[in-house]
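A.B. asks: predicted model, plus sequence, below.
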Amino acid sequence: MISLILRRGALSLATLFLLASFIFFATEVLPGDALDVSLSADEVAMMPPEVLARRKAELGLDRPILERYLGFLGGLRKFDLGRTIITRAPVADIVAMPLRNSMALAAVTLLLALPVALGIAMAAAQAKGRGLDNAVSGAAIIGYSIPEFVTGLLLIAVFAVWWPIFPATITASTNDPLSVLLAAAPLAVFTTIIGSIAYLGRILRVGMIEVMASDFVERLHLSGIPRWRILLVHALPAAVIPGLSAAALYAASLVSGIVVVEMVFAYPGIGAELVRAVTRREVHVVQAIALAAAICVVSFNLLADLGISALDPRTRSA
Amino acid sequence: MKALLRNPACLIGILLVVLHLVVAIGAPWVAPYAPTSLLDAPLEPPSATYWLGTDDLGRDAFSRLLWGGRVAMLVAFAAGIIAVVGGAVLGLSAAFMRGAFDDCMLCLVEMKLAVPTILFVAIFVTGFGQSIPILILAIGIIQMMGVIRTTRAAGIVLMEQGYVRAAQLNGESGPKIILRELLPNVADLMAVEFALRASSALLLVSALSFLGLGISPPTPDWGLMVEDAMALLDSEPHLVLAPALAISTLVLGINLAAEGLAEALGLDAARGGASG
Amino acid sequence: MRPVGAPVVEPLLSVRGLNISWFSQQGRRNHVVNEVSFDLAAGETLGIAGESGSGKSTLARALLGHARGGSRIESGSILLSGRDLVSLAPKALAVLRGRDVAMVPQNPLSSLTFHLRVGAQVEEVLRHRAGLSPKAASLRSLELLTEMGLSEPEKIAQRYPHQLSGGQRQRVVLACALACDPALLVLDEPTTALDKTTEAQVLELIQRLRRARRGAMVLVTHDLNVIAEICDRVMVMQHGKVVEEGPVQQVFGAPTQPYTRLLLGSALRVDGASEAQPGRHGSTLLEGAGLGFSYARPSLLLRRASTTTPTLTDINFSLGRGEVLGVIGESGSGKTTLGGLVTGFLAPERGVLHFDGAALAGRAAARSIEHRRRIQMVFQDPLSSLNPRRRVGDQVARPMRLFHGLDKRKAEARTVQLFDELGLHADLLTRFPRQLSGGQQQRVAIARAFAAEPDLLVCDEITSALDASVQAQLLDQLAAMQRRAGTALLLITHDLTVIWRMASRVIVMRSGRILEQGETNAVFRTPSNPYTAALLDAATRATRVAEPAFAGV
């Protein structure tokens, strides 16, 4: 077991390294650097060439790419994410709070969505092919066909405009304590929950249906073991396994994937930072966010793998 | 084919898609006004002259609605083609060759999965600039990974089949086997994948445009329109709801048709996973 | 053995006019069980014999009141101790299941919950169906495991299903089924997934249980030999209908129905001389010396587990021109691996193959075109042998165009000729594989193999997936073609009857080694190896059961 964890851990680190490199090269490879974008044409024309050159040197934009790459890696080792181009502020400071906010939103969403998705999946699998199952499938298809920003806006339209129950946009700010922030964002949470339930429910339902049709469930059924027991003790763990990897991936991608929801509700999360950074070509911020996301995903994947090992004894023994 | 049409959900899906295609292609002739022309009447409510009113810059919302899908559909279609063709070739080759190439492909897919979609495009745009071809490429590459996974899995099963073995034993060349024996037998899968990838691509483009990272103004696009009108949700809800509905119905139509197609062909659409 | 026939009491099980249909998605109706009626008294064991598609599995499940998804019991009655299962509500059925009637399904590995320890699974039945307390259930489960012949039951109980052998798993499943001592025990192909040695042991266990219990048993299987070993009475089914029924000795000794005769005809009967042509026909065509192979595949980078599949050790054999050599073995014996080496799908790790005097390169890719042409293969599953997306005629023509450079018309003419020799109509040329029956598909596969005009044809379990009615015909046609063309055959199979019919010489393999080889006549009559003897004994029970000297206990 230990060797399994170590092996997967080493693999994850290797993957992270590859990802970090990819992130670096993808963002910095193009000629014409961030400075050109962030300064308007007038400013460039007005600035004397030596000043321009000095600004570039300060930001390290004139060094060859390989040198910048090594600098990037070196910085990572020291957890130094660099500084923004325009304001020269430490990237870590800019990214930290929004990251916390997004993770909180994702965590709350998952905690609420998972049980519901499981429940729906079980109910639908039980009633396969009949009314409830078809209704669930239909709702799921509609659920994941509608873009998340549309769902968010619809919720605002219904619950903030027509029946002013909830606030439309977040009134709390980035650095507020989480409890305040989340309490001010019920519609945002609701939007992400709907999307999550649709996605997770679909995966879990498929796994559940397969398991309910399997031989061991048939044998148990023919032994007269009560249905609830078959579902909870035998079928559920088996059904969760194939969905675990996909669910973990989804969970990890939630952190940055809720960009859209954050924009709709003006939620001060990392997605909003990302959009801002991309439009201003703040390379280092984009890199930092991408790295954070990659770390999330890799660690969730690792957790999922370990979870599968824990649930499925067949993966454990030689 | 007939089974497809018998399924009511699938039929609705196909109709929706056809409707959207007709509107998109016919927009230049049907739209009453040019989508970018600034008429001198900002924020008019819906009336006989302006069926959906005008937006904050004074452009006719209805015409913009008709034109709004064109670029997004183009991007989605092109990205879908890239994804399916590239994905099938790479996936089948990986299944055929196994070994190092296969490991590489798996690694590649894993890595892509590690980067959430919007982020990936964001990285691309940061590095390569924001333009339609870049968008198509970025989205196409993202979607390709999923196709590689499914075609590789199908390919591995196919490699076990007697007729593939027979071809191998007779000394047929690799490319020939992939083309003659493997490819025709994943054609079904590819058709379903294309539909699913196109719908994913569409959602992605809309979301990106909404965020300002996708299609740039002044090109009319539903995602952009939603973002423009978002602040006016309480006063001018139709400006938001119309394009929102447009995106949703098109994606829904594709997804319904894809599920119907998958069922008719005996495949499982959920396997491929619409996870971008 | 309990006495056959009439105790004066009511039969334990009484089935009358049972009709079960299966409905496809398009609404088409398949009559799976058709007007089936029979009685079963306590202490009796009934065997239900039939091929796939006969409805026997559906019938087996119906005896527990269960109809698989998509199927429905349309009419009839199933009286178990007086209660009609057909009319019972699901709740009442659940009460009966496990307690009054229980089932042992076919595949023990997939029938046990993979993420629970086997001990817990036996205990579960005891606690929820027999109402025992956890402590009592724990003790009783260990007792049951011991009764099923498992030594060290405490250790076994702590294991997961995949950690046990096939035989051990089946015993665990039996323990679960017998936990409440049900009046009726239904077994669906209980030994089909096991190798012959384990099968013998499990059958012995079932025999013991028969004698010890007061209840009745229904054994569903396609294997007539198993029925001959265990059952008092037999009921033969075809296409959902009962074809013949009666005491085993009577039905097997003197079958009255053509279908029964057909089934028995494909059972092995070692009398007279083997039908295969004796003797060698010329020089040695294929020779294997010291062949060895193993499948170990370590994969450190990715999460795939390393698979260890049977290795081959020290294989020596020879095959003459135009000769038919049989290779007998169960799954895991290495016989398919040997076929893989001969056809070039695998390269030997040790030893060397010689073909017509010249050394044969390992993998097909390294072989000369001539070698590739002269050694051809036919596979087990006819459906996977042909490309579903291409017309059947094109597929047969391909080797002709590849190896002989024939143009389209000549290739087509030759294809028609081959089809004719194999009893296939020329119309079929333009059809797709799914439009053909299994037997036709297999014949097309054979035609494709012969299209290359090979000197050696490797046949791997080519009849295993076919119905009995089609098997004999196929083999006859193959034999005729083989004789006409002078092609040598390497017949790989687990079915001794096929060997007896077709092969003049035979190799017996087990665990990657050759146990014995020689003339079929000699090996089958006087096997020198106990394993071969056990195989022969198991395979001939059905045909020996009617003999007065049969000690079938």
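C.D. replies: On my side now, so go ahead.
A.B. asks: could you measure from the closest residue to chain C within chain B over to C:Pro382?
C.D. replies: When distances are taken as Cβ to the nearest Cβ, chain B reaches nearest to chain C at B:Gly162, 3.6 Å away. Every residue, glycine included, has its C-beta placed from N, CA and C. Separation of B:Gly162 from C:Pro382 (Cβ to Cβ, to the nearest Å): 8 Å.
A.B. asks: between these two, which one's more packed in?
C.D. replies: Neighbour totals were compared for B:Gly162 and C:Pro382, and C:Pro382 leads with 26 against 20 (other Cβ atoms under 10 Å in any protein chain shown).
A.B. asks: quick check, that one in contact with C:Ile446.
C.D. replies: No: contact criterion Cβ atoms under 8 Å: C:Pro382 and C:Ile446 do not qualify, at 9.7 Å.
A.B. asks: for stretch C:43-52, buried residues please.
C.D. replies: By neighbour count with 16 or more other Cβ atoms under 10 Å in any protein chain shown, stretch C:43-52 contains the buried residues C:43-51.
A.B. asks: typo on my end, it should be stretch B:62-82
C.D. replies: B:62-73, B:75-76, B:78-80, B:82.
A.B. asks: just stretch B:230-250 next, same as before
C.D. replies: Buried, per 16+ other Cβ under 10 Å, within stretch B:230-250: B:230, B:233, B:236-250.
A.B. asks: which of the residues you listed fall in helices?
C.D. replies: B:237-250 (DSSP state H).
A.B. asks: how about the residues of the stretch 1-150 of chain A near chain C?
C.D. replies: Within the stretch 1-150 of chain A, the positions lying close to chain C (Cβ under 8 Å from any Cβ of the partner chain) are A:Leu11.
A.B. asks: hey, where'd the helices end up in the stretch 1-150 of chain A?
C.D. replies: A:2-28, A:34-38, A:41-46, A:49-59, A:65-77, A:91-126, A:131-145, A:148-156 (DSSP state H, counting those that start in this stretch).
A.B. asks: and what of the stretch 51-200 of chain C?
C.D. replies: Counting by DSSP H, counting those that start in this stretch, the helices of the stretch 51-200 of chain C are C:56-62, C:90-96, C:108-111, C:118-129, C:134-147, C:153-157, C:166-178, C:196-212.
A.B. asks: using CSV, lay out those together with distance to C:Val33, mean neighbour count and mean pLDDT.
C.D. replies: Conversion of those to CSV gives the following (distance: least, Cβ to Cβ, whole Å; neighbours: other Cβ atoms under 10 Å in any protein chain shown; pLDDT from 0 to 100):
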stretch, distance to C:Val33, mean neighbour count, mean pLDDT
helix C:56-62, 5, 23, 92
helix C:90-96, 18, 15, 89
helix C:108-111, 22, 21, 90
helix C:118-129, 27, 23, 93
helix C:134-147, 33, 17, 93
helix C:153-157, 37, 17, 92
helix C:166-178, 22, 25, 93
helix C:196-212, 25, 17, 90
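A.B. asks: quick one: which of those helices is nearest chain B?
C.D. replies: Among those, helix C:108-111 sits nearest to chain B (Cβ to the nearest Cβ), with 19.0 Å.
A.B. asks: surely C:Ala41 meets C:Pro11?
C.D. replies: Yes: C:Ala41 is within contact range of C:Pro11, at 4.9 Å (criterion: Cβ under 8 Å).
A.B. asks: more neighbours, the two?
C.D. replies: C:Ala41 (21 against 18).
A.B. asks: how close does the more buried one sit to B:Ile132?
C.D. replies: Counting by Cβ to Cβ - C:Ala41 and B:Ile132 are separated by 81 Å.
A.B. asks: give the contact list for A:Ala113.
C.D. replies: A:192-193, A:196-197, A:200 (Cβ atoms under 8 Å, 6 or more residues apart in numbering or on different chains).
A.B. asks: meant to ask about A:Lys128
C.D. replies: So A:Lys128 contacts A:209, A:212 (Cβ under 8 Å, 6+ apart).
A.B. asks: next: C:Glu244.
C.D. replies: C:Glu244 touches C:235-236, C:251, C:255-257, C:259-260, counting by Cβ under 8 Å, 6+ apart.
A.B. asks: show me the residues you listed that map onto strands.
C.D. replies: In strands, defined here by DSSP state E, the members of the contacts of C:Glu244 are C:235-236.
A.B. asks: quick check on the contacts of C:Glu244: which are buried?
C.D. replies: Looks like the contacts of C:Glu244 have C:235-236, C:251, C:255, C:259-260 buried, using 16+ other Cβ under 10 Å.
A.B. asks: now, among those, which is nearest to A:Ala106?
C.D. replies: If you rank the buried ones among the contacts of C:Glu244 by distance to A:Ala106 using Cβ to Cβ, C:Met235 comes first, at 61.7 Å.
A.B. asks: could you look up the SS state of the closest residue to the closest one other than its chain neighbours?
C.D. replies: Distances taken as Cβ to Cβ, 6 or more residues apart in numbering or on different chains place C:Glu245 nearest to C:Met235, at 4.5 Å, with adjacent residues excluded. Secondary structure, DSSP: H, G, I helix; E, B strand; the rest coil: C:Glu245 is strand.
A.B. asks: enumerate every residue touching C:Glu245.
C.D. replies: C:38, C:233-236, C:251.
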